[in-house]
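> structure for this input, please:
(one chain, ligands or ions: 1)
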Amino acid sequence: GGVLYVVATPIGNLQDLSERAQLVLSRVGLVAAEDTRHSGRLLQHLGLSKPMLALHDHNERDRVVRILEALKAGQDIALISDAGTPLISDPGYVVVREVREAGFRVSPVPGPCALVAGLSAAGLPTDRFLFAGFLPAKRSGRRAALEELREQPATLVFYESPHRILALMEDLVEVMGGERECVLGRELTKTFETFYGGTAQSVRESLEADPNGARGEFVVMVHGAPPAGSQEAGVLDADRLLSLLVAELP
Ligand code: SAM
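Residues are numbered from 1 along each chain as shown. Below you'll find the predicted structure:
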């Protein structure tokens, strides 16, 4: 049977497409893409013309049938999304799961991924991180999601669109406090790539002050919470110290 290749494509800079990704795209018989018009342009840029299959979150189950037929017929397939690594806040999960369960080989062709690109240059701890993708679009849902993550010790990573980035920063300051360290990566690998780093409050202010601040795509990275109980422990220590000092007073 054929192989399903899960191929990462650029997150902005076309030169980030790997040689192996190009080779695989040139060899497969079918390209399953999130948006065939968008991906058609990438293929055109590579001088390739391939049969394409549109894959959205809501039609993945139907598409599995077509994909399984092609694999059974011995055809190799590439799965790509509009940008970066498929399945990372992008469609493909159902297809990959079903293809694997049907006994066909699924093979990754790794490459660009906004969250990894952001973390690699942010200077926040990366020994453990929690990727939470896009938070809910409505303020109440977003705040509830942030509250759930407030005590999380791992570095937090979110994706956000330009029209909600200021609202997210506002909620971050409200829920996690203006002192929480964070780094925003904007337009990574593109001409106007920018990093904003500092306290949540200062990052929020720089973004508001920058006329281009709320343009482009964002990876939002937030330092994890201090170890659980460390603040209380600090208070207890101070109390104990005080009582020891008081006991020494004449
Ligand atoms: N699959 C993609 C990946 O591997 O990163 C993510 C797809 S998701 C639908 C799109 C979101 O990823 C954007 O809203 C933004 O938060 C983030 N993103 C994608 N490209 C980016 C870039 N060049 N700079 C910053 N963030 C980016």
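
> rest of the way, CA atoms for contacts and neighbours
OK.

> so the residue positioned nearest the centre of the chain: helix, strand or coil?
Nearest to the geometric centre of the chain sits residue 115, at 4.1 Å (CA atoms, centre = their mean). Three-state assignment for residue 115 (DSSP: H, G, I helix; E, B strand; the rest coil): helix.

> so which elements touch the strand or helix carrying residue 198?
If you go by DSSP states H and E, residue 198 is part of strand 194-199. Applying 3 or more CA pairs under 8 Å, 6 or more residues apart in numbering; DSSP states H and E, one finds that strand 194-199 makes contact with strand 181-186, helix 200-209.

> so which of the ones you listed is the most packed in?
Compared across those, strand 181-186 shows the largest average neighbour count, a mean of 25 (mean count of other CA atoms under 10 Å).

> quickly run through the sheet partners of it, with directions.
Strands adjacent to strand 181-186 in the sheet, as given by DSSP bridges, are strand 194-199 (antiparallel), strand 218-222 (antiparallel).

> flag every residue of the protein that's near the ligand.
Residues of the chain lying near the ligand by CA under 6 Å from any ligand atom: 11-12, 83-86, 88-90, 113-115, 159-161, 185-189, 217-219.

> go again with 5 Å.
Residues of the chain lying close to the ligand (CA under 5 Å from any ligand atom) are 11, 84-85, 88-89, 113-114, 159-161, 186-188, 217-219.

> sorry, back to before: in JSON lines: the helices and strands packed on strand 194-199, plus mean pLDDT.
Formatted as JSON lines, those follow (pLDDT from 0 to 100):
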{"stretch": "strand 181-186", "mean pLDDT": "98"}
{"stretch": "helix 200-209", "mean pLDDT": "96"}
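
> ok, which of the ones you listed comes nearest residue 25?
strand 181-186 (28.4 Å; CA to CA).

> the inter-axis angle of that closest one versus helix 200-209?
30 degrees (axes from the mean of the first three to the mean of the last three CA atoms, to 10 degrees).

> what does strand 181-186 contact?
With contact meaning CA atoms under 8 Å, 6 or more residues apart in numbering, strand 181-186 is reached by 118, 122, 124, 192-200, 203, 216-223.

> what about the closest residue to residue 187 other than its chain neighbours, neighbour count?
Nearest non-adjacent residue to residue 187, counting by CA to CA, 6 or more residues apart in numbering: residue 193, 4.6 Å away. Other residues within reach of residue 193, judged by other CA atoms under 10 Å, total 14.

> show me where pLDDT drops low in this protein?
For the chain, the stretches flagged by pLDDT under 70 are 228-244.

> can you pull out the helices in it?
19-27, 36-45, 60-72, 93-101, 114-122, 139-149, 165-176, 200-209, 230-248 (DSSP state H).

> with respect to residue 1, which of the ones you listed lies nearest?
helix 60-72 (5.1 Å).

> helices or strands up against that closest one?
strand 77-80, helix 93-101.

> and those, which is most packed in?
strand 77-80 (a mean of 26).

> against the ligand, how distant is the closest residue to residue 128 other than its chain neighbours?
Excluding the flanking residues, the one nearest residue 128 by CA to CA, 6+ apart is residue 154, at 5.3 Å. Using CA to the nearest ligand atom, to the nearest Å, residue 154 is found at 19 Å from the ligand.
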